[in-house]
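Peer 1: no sequence on hand, only this structure:
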């Protein structure tokens with residue numbers, strides 16, 4: 001399974017909750033699309049957690065909007081673990097690619 005998140009990698013986006021919910025029995029590749037330079041310390045902690053727990057996490061960094069199409073097409077599910085979000089364009093984009101949505 002390949003869940004994908006798209007947005008800035010910051011505490012308010014809740015990326016750590018996404019990778020912490022992984023079931024140990026499943027083969028999962030998390031694709032985290034977004035700028036990791038907005039909060040470098042947070043991004044480092046998330047990456048350390050993933051490494052420590054042997055999780056497969058791919059941080060793409062910033063991806064231009066035109067290139068996002070391929071990532072939406074490749075993922076199995078789009079997840080928005082945000083802690084404070086009203087409406088997000090990434091949800092609309094994921095729906096346009098007919099991806100299942102999960103908002104933690």
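Peer 2: Yep, it's here. As the structure is a prediction and not an experimental result, all values here were calculated from the model. Numbering: from 1, shown residues only.
Peer 1: please make it C-alpha for all contacts and neighbour counts, starting now.
Peer 2: Will do.
Peer 1: average pLDDT for the helix or strand hosting residue 70?
Peer 2: Using DSSP states H and E, residue 70 sits in helix 65-74. When pLDDT is averaged over helix 65-74, the result is 89.
Peer 1: please state the offset of that helix from the chain centre?
Peer 2: With C-alpha atoms, centre = their mean, to the nearest Å as the basis, helix 65-74 stands 13 Å off its chain's centre.
Peer 1: now it: buried residues?
Peer 2: By 16 or more other C-alpha atoms under 10 Å, the buried positions in helix 65-74 come out as 68, 72.
Peer 1: so what touches it?
Peer 2: The contact list for helix 65-74 (C-alpha atoms under 8 Å, 6 or more residues apart in numbering) reads 2, 4, 78, 94, 97, 99.
Peer 1: now stretch 34-47
Peer 2: 6-11, 15-16, 57, 59-63.
Peer 1: the helices in this structure, which residues?
Peer 2: Remark: helices assigned in the chain by DSSP state H are 15-20, 40-52, 65-74, 89-96.
Peer 1: who wins for proximity to residue 32 among those?
Peer 2: Residue 32 lies closest to helix 15-20 among the helices of the chain, at 8.1 Å (C-alpha to C-alpha).
Peer 1: what's that closest one packed up against?
Peer 2: Contacting helix 15-20 under the criterion 3 or more C-alpha pairs under 8 Å, 6 or more residues apart in numbering; DSSP states H and E are the following elements: helix 40-52.
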